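>>> Show me how the following folds:
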Amino acid sequence: MLPATGAAIKTTRQAAGLTQAEAAERFDYSLRVWQKKESEAEAGKNGGLSAGEYELLLLLAGKHPDYLLTPRK
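Below you'll find the predicted structure:
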């Protein structure tokens with residue numbers, strides 16, 4: 001799995017078509033907390049996304065290495 005650096009989180013969020021505000025809402029964070037998670041991950045601190053959160057973001061962006069979300073029929 002790719003590391004959840006700040007740049008990777010930002011790129012994946014954008015690939016999912018989400019603004020920071022939309023991502024914060026999706027993950028039940030305030031906008032400020034989401035911004036902090038992106039910036040702390042960039043700085044190499046432990047405040048980035050958890051592994052599960054990053055995997056969900058990868059799924060939303062269609063970039064997960066093992067799984068693909070598909071719509072219900």
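
>>> Residues contacting the helix or strand containing residue 33, please?
Following DSSP states H and E, one finds residue 33 within helix 31-42. Residues from elsewhere that reach helix 31-42 (C-beta atoms under 8 Å, 6 or more residues apart in numbering): 4-10, 13, 20-21, 23-24, 27, 29, 46-49. To be clear about C-beta, it is placed using only N, CA and C from the backbone, and glycine gets the same treatment.

>>> Over to stretch 66-73?
With contacts defined as C-beta under 8 Å, 6+ apart, stretch 66-73 is touched by 59-60, 62.

>>> For that stretch, the averaged confidence score.
For stretch 66-73, the mean pLDDT works out to 91.

>>> residues contacting residue 23?
Applying C-beta under 8 Å, 6+ apart, the residues contacting residue 23 are 13, 16, 34, 57.

>>> Next one, pLDDT for the second one please.
Reading off the confidence values, residue 16 has pLDDT 97.

>>> So it is in contact with residue 56, correct?
No. Because the distance of 9.7 Å does not satisfy C-beta atoms under 8 Å, residue 16 is recorded as not touching residue 56.

>>> Among the contacts of helix 31-42, which ones are in helices?
Among the contacts of helix 31-42, DSSP state H puts 6-10, 13, 20-21, 23-24 in helices.

>>> Quick check: which ranges of this structure have low pLDDT?
Regions of the chain meeting the criterion pLDDT under 70 cover residues 1-3, 42-47.
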